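Student: generate coordinates for the sequence data below:
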Amino acid sequence: MTFHRGTILLADDEEKILKRLGRALRDEGHDVVEAMTAREAQRHLGERSFDLLVVDNVMPEMTGLDLIREVAQTMAPPERPQMVMMTAHGSTQIVREAFKLGVEDFLEKPFEVDELLALARRAVKSLRLQTERQYLISERDAEFNYYGIVGRSRAMEEVIQRAELVAQTKSTVLITGETGTGKTLVAKVIHYQGPAGKAPFISINCAALPENLIEAELFGYEKGAFTSAVAKKRGIFEMAEGGTLFLDEIGEMPLHLQAKLLSVIEDKQVRRLGSESVRPVNVRVMAATSADLENGLGKTFRKDLYYRLSVIRIHIPPLRERRECLPLLCDHLLRQLTGSHEIKIDDQELSNLKAYDWPGNVRELKNILERAVILQSGSELRPSELIAKTGGHDQRGADPALTSEDVIATLEEIEKKHIQQALTRLSGNITQTAKVLGISLSTLKRKIRDYGLK
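Tutor: As a prediction, this is how the structure comes out:
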C-alpha cells in the first residue's frame, strides 16, 4: 500500500516508548525527530517545519497541552503542524481543551503502534491534499488569483504565460527575483500545470539548512553512515520520485555539493551517504535564487551547474515595478488574514502604499498588513503608518537607524528599542508581540532576557 510520508515531531519523556514509536514511524518512511521534553520539542518547532506533532501530555516542566496551546497561539496553517496528543492520564477537560486548540486526535496509553501508524498516514495525507487544493484554481478567481499569484499587470501575465509553456516540458528551470516576490508560487504553477501535477512537489531551502545537513537531506543515507545515522533514510530526491524537487536559494549550496547535484541531474541516479549502490530517480529539478549567480560564476557557483539549471529562466519583477497589483494584493491578503471582506484600505492609503518601494516585496506587504490588523482598530486600516516602524525606510526616505545628525544607532540598539516599543504597545503580551514581530516565542523570550527588557 502506498501513502504519503511526512515529517513528524514525536515528544515523550519515556525513552523506551519514544524510541519504539520513532523506529516504527521511520520504518514506514517518515522523517522523525524525537524529543524527551516539551521544551525540546518547542525548540525543534522553532528551527524547522513539521507535518505532524505527536506529544505526550504529562511531562516535566511543561505539559504537552501547554506546548499545543503555544503552537495554536503562535503558528497558523500551513506552517502549523497537525497535532495529536498521547496520555495515560486523560480527563474530559483536557480532551475538550485539546480539541478546542486544534488537536486532530487522541491516543490513550497503552495503545498499539499500528494505531499511531494509521493515524500518521491519515494526518499526513490530509495535509498534502489541503496543500494541493490550496493551489487549485477556480474559474471565479481566475482573473485575479492564479495559484496564489495575485494581481493584474503585464509583467506578471508574461511570467504566468511562460510558466504554463514550460510546464509541458521536463526541462530544468531557474527562477530569479528578489526575496518575497513569489518564486515558490511560480514553481508550483509549473508543477501543477504539468503532466506530473499529481506527483509530489517537494521544496527545500538551501539557505535554511546547515551545510552538513544539506547533503543528507538531498541524497539520504544508510544506517551508520555517520554518528547520528541510527537508521537509513531516503533523501528528498527519492521522496520526489515522479514529481518536482524545488531548490530555493540555490546560490547558498556549498561548492562541493554543486558537483554532486549536477551529477544527479545529468545521470538521473542518486547514491545515499554510506552506500555503494546507486538508485535511479525520475525527478524534475527547479531552482530559485534572489542572488546574482552570474557574478559568482567560477567562484561561488559552478558554471556547468548554472548552465544546466538555466535551460529555462523565468524572472519575477519586484513589486515596485508592478504597483498596479497593490489594490488586489491588499484585498486578497486581508481576506486571507481576517476571513472578511469588510476590512478595507481607502484610496489615500493605497496611494501611500504605492509610493513605497517595498524592498521585501509581497512578503513585506503581508507582514505590514498583518501588523495593521492586530494593532489598528476599525474597518479601514492605515498600514502605511507602520512601514517606518518595521525596519523599512519611511515615505520621506528617512533612515530609522539615524537617531541624530551625528550618531548612527547599532542594529542591536534598533532591535532592542523596537522590541520594547512592541511590548509596550501590546501591554506586555509576549505571544502577540512574537506574532507581530514575526519571530518565534522562544526567540522573543531570549531577546527579552538578553536585552534586559520588561
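
Student: show me the domain layout of this protein.
Tutor: When the chain is parsed with automatic domain parsing, its domains come out as 7-134, 150-317, 319-400, 401-454.

Student: mean pLDDT lowest for which of those domains?
Tutor: Per-segment mean pLDDT for the domains of the chain reaches its minimum on domain 401-454, at a mean of 73.

Student: what about that one, distance to the chain center?
Tutor: Relative to its parent chain, domain 401-454 has a centroid offset of 23 Å by Cα atoms, centre = their mean, to the nearest Å.

Student: same deal with stretch 187-198?
Tutor: Relative to its parent chain, stretch 187-198 has a centroid offset of 19 Å by Cα atoms, centre = their mean.

Student: can I get it as PDB, trimmed to CA atoms?
Tutor: Provided in PDB are the C-alpha atoms of stretch 187-198 (Å, rounded to 0.1, in the frame of the first residue of the first chain):
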ATOM      1  CA  ALA A 187       7.400  26.900  -9.400                       C
ATOM      2  CA  LYS A 188       4.100  25.400  -8.200                       C
ATOM      3  CA  VAL A 189       2.300  26.700 -11.300                       C
ATOM      4  CA  ILE A 190       4.900  24.900 -13.500                       C
ATOM      5  CA  HIS A 191       4.500  21.700 -11.400                       C
ATOM      6  CA  TYR A 192       0.700  21.500 -11.000                       C
ATOM      7  CA  GLN A 193       0.000  22.600 -14.600                       C
ATOM      8  CA  GLY A 194       2.300  19.900 -16.000                       C
ATOM      9  CA  PRO A 195       1.800  16.100 -16.500                       C
ATOM     10  CA  ALA A 196       3.400  15.400 -13.100                       C
ATOM     11  CA  GLY A 197       0.900  17.600 -11.300                       C
ATOM     12  CA  LYS A 198      -0.400  14.800  -9.100                       C
END
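
Student: buried stuff in it?
Tutor: For stretch 187-198, the neighbour count (16 or more other Cβ atoms under 10 Å) marks 187, 188, 189, 190, 191, 192, 193, 194, 196, 197 as buried. Yep, even glycine has a C-beta here, placed from its N, CA and C like the rest.

Student: between these, which sits nearest residue 166?
Tutor: residue 190 (5.5 Å; Cβ to Cβ).

Student: quick check on residue 426: phi, psi?
Tutor: Here the main-chain torsion angles of residue 426 (degrees, to the nearest 10) amount to phi -100, psi 20.

Student: for the remainder of this discussion, apply numbering that starts at 29.
Tutor: Fine by me, first position is 29 from now on; the one you just mentioned is residue 454.

Student: so how far is residue 474 from it?
Tutor: The gap separating residue 454 from residue 474 is 18 Å, by Cβ to Cβ, to the nearest Å.

Student: out of the buried residues of stretch 215-226, which one sits closest to residue 240?
Tutor: For these, the nearest to residue 240 is residue 215 (26.0 Å; Cβ to Cβ).

Student: got a list of what that closest one touches?
Tutor: Residues counted as contacts of residue 215 (Cβ atoms under 8 Å, 6 or more residues apart in numbering) are 201, 203, 229, 231, 272, 274, 314, 316.

Student: ok, how many other residues are close to the fourth one?
Tutor: So the one you mean is residue 231. Under the neighbour criterion other Cβ atoms under 10 Å, residue 231 is assigned a count of 17.

Student: if it is in a bridge, with which residues?
Tutor: Counting by DSSP bridges, residue 231 forms beta bridges with residue 274.

Student: surely it meets residue 277?
Tutor: No - the pair residue 231 / residue 277 is not scored as a contact, 10.7 Å apart, by Cβ atoms under 8 Å.

Student: show me the strands in the stretch 179-328 of the chain, by range?
Tutor: 201-204, 229-233, 248-249, 261-262, 272-276, 297-298, 307-308, 312-317 (DSSP state E, counting those that start in this stretch).

Student: for the second one, which positions count as buried?
Tutor: Read that as strand 229-233. By 16+ other Cβ under 10 Å, the buried positions in strand 229-233 come out as 229, 230, 231, 232.

Student: out of residue 454 and residue 474, which sits in the more crowded spot?
Tutor: residue 454 (18 against 12).

Student: and stretch 99-110, what's buried?
Tutor: For stretch 99-110, by 16+ other Cβ under 10 Å, it's 99, 100, 102, 103, 108, 109, 110.

Student: okay if I get those residues as CSV plus distance to residue 373?
Tutor: CSV is the format used below for the buried residues of stretch 99-110 (distance: Cβ to Cβ, whole Å):
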residue, distance to residue 373
99, 31
100, 29
102, 26
103, 26
108, 27
109, 33
110, 34
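
Student: ok, residue 64 to residue 47 distance?
Tutor: 10 Å.

Student: what of residue 197?
Tutor: Remark: distance between residue 197 and residue 47 (Cβ to Cβ) = 46 Å.

Student: also residue 58?
Tutor: Going from residue 58 to residue 47 by Cβ to Cβ gives 15 Å.

Student: of those two, who's got more company?
Tutor: residue 58 (22 against 14).

Student: residue 36 sits in which helix or strand?
Tutor: In the assignment (DSSP states H and E), residue 36 maps to strand 35-39.

Student: buried set for that strand?
Tutor: 36, 37, 38, 39.

Student: and it, what does it pack against?
Tutor: Applying 3 or more Cβ pairs under 8 Å, 6 or more residues apart in numbering; DSSP states H and E, one finds that strand 35-39 makes contact with helix 43-55, strand 59-63, helix 66-75, strand 80-84.

Student: let's see the last one as PDB, backbone CA atoms only.
Tutor: As requested, C-alpha coordinates have been extracted for strand 80-84 and formatted as PDB (Å, rounded to 0.1, in the frame of the first residue of the first chain):
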ATOM      1  CA  LEU A  80       2.600  16.200  12.400                       C
ATOM      2  CA  LEU A  81       3.200  16.800  16.100                       C
ATOM      3  CA  VAL A  82       2.600  13.800  18.400                       C
ATOM      4  CA  VAL A  83       3.100  14.800  22.000                       C
ATOM      5  CA  ASP A  84       2.600  13.200  25.400                       C
END
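
Student: pull the distance from the very next helix or strand once past that strand to the chain's centre.
Tutor: Sequence order places helix 92-102 as the next helix or strand after strand 80-84, per DSSP H and E. Counting by Cα atoms, centre = their mean, helix 92-102 is centred 19 Å from the centre of its parent chain.

Student: who touches the following helix or strand past helix 92-102?
Tutor: Next helix or strand after helix 92-102 toward the C-terminus (DSSP H and E): strand 110-115. Strand 110-115 has contacts (Cβ under 8 Å, 6+ apart) with 40, 79-86, 92-93, 96, 99, 122, 126, 129-137, 139, 147, 151-152, 154-155.

Student: check contacts around residue 137.
Tutor: Residue 137 touches 114, 115, 116, counting by Cβ under 8 Å, 6+ apart.

Student: hang on, the last one packs against residue 122?
Tutor: Meaning residue 116. No - judged on Cβ under 8 Å, residue 116 makes no contact with residue 122 at a distance of 11.8 Å.
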